[in-house]
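Colleague: next come a sequence and a model predicted from it.
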Amino acid sequence: MIDVCNIHVMKPLLESHGFHFSKAKGQNFLIAPWVPESIVREAGVDKTAGVLEIGPGIGPLTQQLCLNAERVCAVELDTRLKPILDMTVGAFPNLEIIWNDVLKLDVPALVREKFPGLRPMACANLPYYITSPILTALLEAECFESVTVMVQKEVAQRIAARPGSADYSAFTVFCQYYAQPELLFDVPAGCFLPQPKVTSAVISLRVRRERNWDILDQDVFFRLVRASFAMRRKKLSNGLASGFPELGKAGAAEVIAAAGFDANVRGETLSIPEFARIANEIVRRTDHD
Ligand code: SAM
C-alpha cells in the first residue's frame with residue numbers, strides 16, 4: 001500500500017501528475033498517519049459499517065476506511081485526482097469513488113443503495129469552505145449512525161458549545177438537535193500539506209435515535225432559534241417580535257411569560273428543551289388565532 005501520508009512519497013507522487021493544490025476546493029492533505037488512523041478508531045469503523053467519505057484527496061483516510069469497513073463510498077469533486085487515487089486506493093474491492101459535488105447528491109438514497117444491512121457512517125476531513133452546508137446535509141439526511149469529521153477547531157467548539165457560552169449559536173442548536181457532539185482531538189496545522197492557517201479538530205456527532213422534546217412544529221422551532229440568535233445581545237422578546245411579526249411585541253412578551261420565562265430572558269442562554277417550550281407556545285397561539 002502506498003504510504004500517502006509520508007511527505008517523501010506524497011510530494012513526488014503529486015509532482016509526477018503535475019498536481020497543484022486548489023485553495024478554492026479546500027485542499028489541505030494529511031501528512032500525519034496517526035490522524036486517519038485515529039479518526040477510524042474513534043469512529044468505531046468495523047466490518048459492520050458502510051462509510052461515506054467526503055473528499056478523499058489522495059486517499060489517506062480512504063485507505064484506513066477500506067482496511068476497516070465493510071464498504072466505502074468516497075465522493076470527490078476534483079477529477080484531477082483520479083489517476084492518483086487509482087494508484088493509492090484503486091486495489092480495494094470494497095471501495096467505490098463517486099466523482100461529484102457532495103452537495104448535489106441525494107445522500108439518503110445513496111446510503112440506502114450502497115449500504116444495505118450495514119451501519120451507515122460518515123467520515124471526512126472536510127473541505128472547510130463548505131463545512132456548514134455539508135454537515136447540514138449529513139444531519140438532515142437522518143440516515144447515519146454517526147458523523148465523524150475534521151473541521152476548524154473553532155467550528156468544532158461551536159458545534160459542542162453549551163447554552164450561555166460565547167460559542168453557542170444557531171448552528172450549535174441545529175447540530176445538537178440531530179446529534180450528540182463529542183470533541184475528540186486537535187490536529188495541528190503542521191499535519192497538513194499545505195498548512196492551513198487554523199488549528200483543526202476532529203469531532204464525533206452521534207446521531208440521536210430519539211428526540212424527546214415534544215416539538216409540535218420543527219419549522220417554527222428552527223425559525224425561533226434563528227430569530228433568537230439574530231439579535232443575540234438583545235432580549236429574546238426583541239428577536240421574537242422581529243422573527244415572528246405575526247405575534248407583535250405584546251404577543252411575543254405573552255409567549256415568553258406563558259412558557260414560564262422571565263421577560264428579560266436572552267435566547268443565547270436557552271437549551272433545546274427550553275426553545276421547544278417557547279416554540280410550542282408560539283404554535284399554540286398562532287394556531288388559535
Ligand atoms: N481526505 C484528504 C486528506 O485528508 O488528506 C483530503 C481532504 S481535503 C481537506 C478536502 C477534499 O475535499 C479535497 O480532496 C477536495 O478536492 C474535496 N472537495 C472539495 N469540495 C468538494 C465537494 N463539493 N464535494 C466533494 N469533494 C469535495
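Modeller: Cool, got the structure. Keep in mind it's a predicted model, so treat the numbers as computed, not measured.
Colleague: quick one, helices of this structure?
Modeller: 7-16, 34-43, 60-68, 82-89, 107-114, 131-140, 153-159, 170-178, 218-230, 236-243, 248-258, 272-288 (DSSP state H).
Colleague: which elements pack onto the shortest one?
Modeller: Applying 3 or more Cβ pairs under 8 Å, 6 or more residues apart in numbering; DSSP states H and E, we find helix 153-159 packed against helix 131-140, helix 170-178, strand 179-187, strand 200-207. Quick note: C-beta positions are derived from backbone N, CA and C, even for glycine.
Colleague: quick check: mean pLDDT across that helix?
Modeller: Averaged across helix 153-159, the pLDDT comes to 98.
Colleague: what about V89, how many residues nearby?
Modeller: Summarising burial for V89: neighbours were counted as other Cβ atoms under 10 Å, giving 23.
Colleague: quick check: it touching C66?
Modeller: Yes. At 6.3 Å, V89 counts as touching C66 under the criterion of Cβ atoms under 8 Å.
Colleague: which residues do those two both contact?
Modeller: L95 (Cβ atoms under 8 Å, 6 or more residues apart in numbering).
Colleague: just to revisit the earlier point, I'd like to know which of the helices of the chain is closest to I203.
Modeller: Taking Cβ to Cβ, helix 153-159 is the member of the helices of the chain nearest to I203, at 4.4 Å.
Colleague: using CSV, write out every CA atom in the closest one.
Modeller: C-alpha atoms of helix 153-159 as CSV (Å, rounded to 0.1, in the frame of the first residue of the first chain):
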residue,chain,number,x,y,z
LYS,A,153,-11.2,23.9,15.8
GLU,A,154,-13.4,26.9,16.3
VAL,A,155,-16.2,25.3,14.4
ALA,A,156,-15.9,22.1,16.5
GLN,A,157,-16.1,24.2,19.6
ARG,A,158,-19.2,25.9,18.3
ILE,A,159,-20.9,22.6,17.5
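Colleague: identify the residues contacting that helix?
Modeller: 128, 131-132, 135, 151, 167-169, 171-172, 175-176, 181, 183, 186, 198-203, 205.
Colleague: what does this protein have sitting close to the ligand?
Modeller: Residues of the chain lying close to the ligand (Cβ under 6 Å from any ligand atom) are 25-30, 54-57, 60-61, 75-78, 101-103, 125, 127, 130.
Colleague: filter those residues down to the buried ones, ChimeraX style.
Modeller: Buried residues among these (16 or more other Cβ atoms under 10 Å), as a ChimeraX selection:
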select :25,26,27,28,29,30,54,55,56,57,60,61,75,76,77,78,102,125,127,130
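Colleague: filter the residues of the chain next to the ligand down to the ones in strands?
Modeller: Those of those mapping onto strands are F29, L30, I54, V75, E76, N125, per DSSP state E.
Colleague: let's have those in a markdown table, adding pLDDT and distance to R233.
Modeller: Converted to a markdown table, those look like this (pLDDT from 0 to 100; distance: Cβ to Cβ, whole Å):
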| residue | pLDDT | distance to R233 |
| --- | --- | --- |
| F29 | 97 | 40 |
| L30 | 97 | 39 |
| I54 | 98 | 35 |
| V75 | 98 | 39 |
| E76 | 98 | 42 |
| N125 | 98 | 35 |
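Colleague: nearest to E281 among those residues?
Modeller: Among these, and counting by Cβ to Cβ, the member closest to E281 is I54, at 38.7 Å.
Colleague: show me the contacts for the closest residue to that closest one other than its chain neighbours.
Modeller: Nearest residue to I54, sequence neighbours excluded (Cβ to Cβ, 6 or more residues apart in numbering): A124, at 4.0 Å. Taking Cβ under 8 Å, 6+ apart, we find A124 in contact with E53, I54, G55, L61, I134, T148, V149, M150.
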